[in-house]
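Student: Predicted structure and sequence below. I'll ask about it afterward.
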Amino acid sequence: MTIKVGDTMPTGTFGIMTKDGPGSMSTSDLFSKKKVAIFSVPGAFTPTCSMEHLPGFKNKASSLKEKGIDTIVCMAVNDVFVMDAWGKDRGVGDEMLMVADGNGEYAKALGLELDLSKFGLGRRGQRFSMVINDGVVEQLNVDPEGFKLSSAECMLNQL
């Protein structure tokens, strides 16, 4: 079943890069008592993800925070090393948290899995954005194709 507005986020764990190397972060630590903007991309270093989706959230980070967002999270079905390298390549710094859904388990738990096997990319997560308030979905935008609904601009207009 696909997650929807009003649902509680499923329990899970993300891979994150710490100063000491790969680590993990629970959904409880990520979402509890915070307002979080999370967006998911089909893959790090891919054209639309790198040139439009991630930079949009990076460029609008201060505006999102002015509207009450505590944490901005970028999620992809990639490993923690790729997510860390991509964040550094795109210069995200402390503007957002780069989280790895390494095996796609969280995308599957959300019901937002995407099969790109016909392109040699395997199972990924769909392109989406959400606003999560203390673990509950307040806003959900899924792009069935292309890139528009899950943009930072769309999120800002809905806050």
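Tutor: Alright, I've got the coordinates. Numbering: from 1, shown residues only.
Student: which residues touch stretch 72-87?
Tutor: 14-17, 22-23, 30, 36-45, 49-50, 54, 57, 61, 64-65, 92, 95-104, 106-107, 123-125 (C-beta atoms under 8 Å, 6 or more residues apart in numbering). (C-beta placed from N, C-alpha, C; glycine too.)
Student: Pull out the buried positions in that stretch.
Tutor: Within stretch 72-87, the residues that qualify as buried by neighbour count (16 or more other C-beta atoms under 10 Å) are 72-80, 82-87.
Student: Now do the same contact list for the nearest residue to Asn133 once chain neighbours are set aside.
Tutor: In this structure, Asn133 finds its nearest non-sequential neighbour in Lys35, 5.0 Å apart by C-beta to C-beta, 6 or more residues apart in numbering. By C-beta under 8 Å, 6+ apart, the contact set of Lys35 is 68-71, 131-134.
Student: so who does Gly12 touch?
Tutor: Contacts of Gly12 by C-beta under 8 Å, 6+ apart are 26-27, 105-106, 109.
Student: May I ask which of those has the most neighbours?
Tutor: Tyr106 (24 neighbours; other C-beta atoms under 10 Å).
Student: Just the buried residues of stretch 72-87: which are in helices?
Tutor: Within the buried residues of stretch 72-87, residues falling in helices by DSSP state H are 80, 82-87.
Student: of those residues, closest to Asp115?
Tutor: Among these, Val82 lies closest to Asp115 (C-beta to C-beta), at 19.7 Å.
Student: On the pLDDT front, check the closest one for me.
Tutor: Note on Val82: pLDDT of 95.
Student: which residue ranges form the strands in the chain?
Tutor: Assigned by DSSP state E, the chain shows strands spanning 13-18, 21-26, 35-41, 71-76, 97-100, 113-115, 123-125, 127-133, 136-143.
Student: where in this structure is pLDDT low?
Tutor: For the chain, the stretches with pLDDT under 70 are 116-117, 120, 122.
Student: Against the centre of it, work out the most remote residue.
Tutor: Computed with C-alpha atoms, centre = their mean, the maximum C-alpha offset from the centroid of the chain is found at Lys118, amounting to 23.5 Å.
Student: ok, now which ones touch it?
Tutor: So Lys118 contacts nothing (C-beta under 8 Å, 6+ apart).
Student: Tabulate the strands of the chain in TSV, adding columns for distance to Met1.
Tutor: As requested, the strands of the chain are exported to TSV (distance: least, C-beta to C-beta, whole Å):
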stretch	distance to Met1
strand 13-18	21
strand 21-26	22
strand 35-41	17
strand 71-76	19
strand 97-100	23
strand 113-115	12
strand 123-125	16
strand 127-133	15
strand 136-143	13
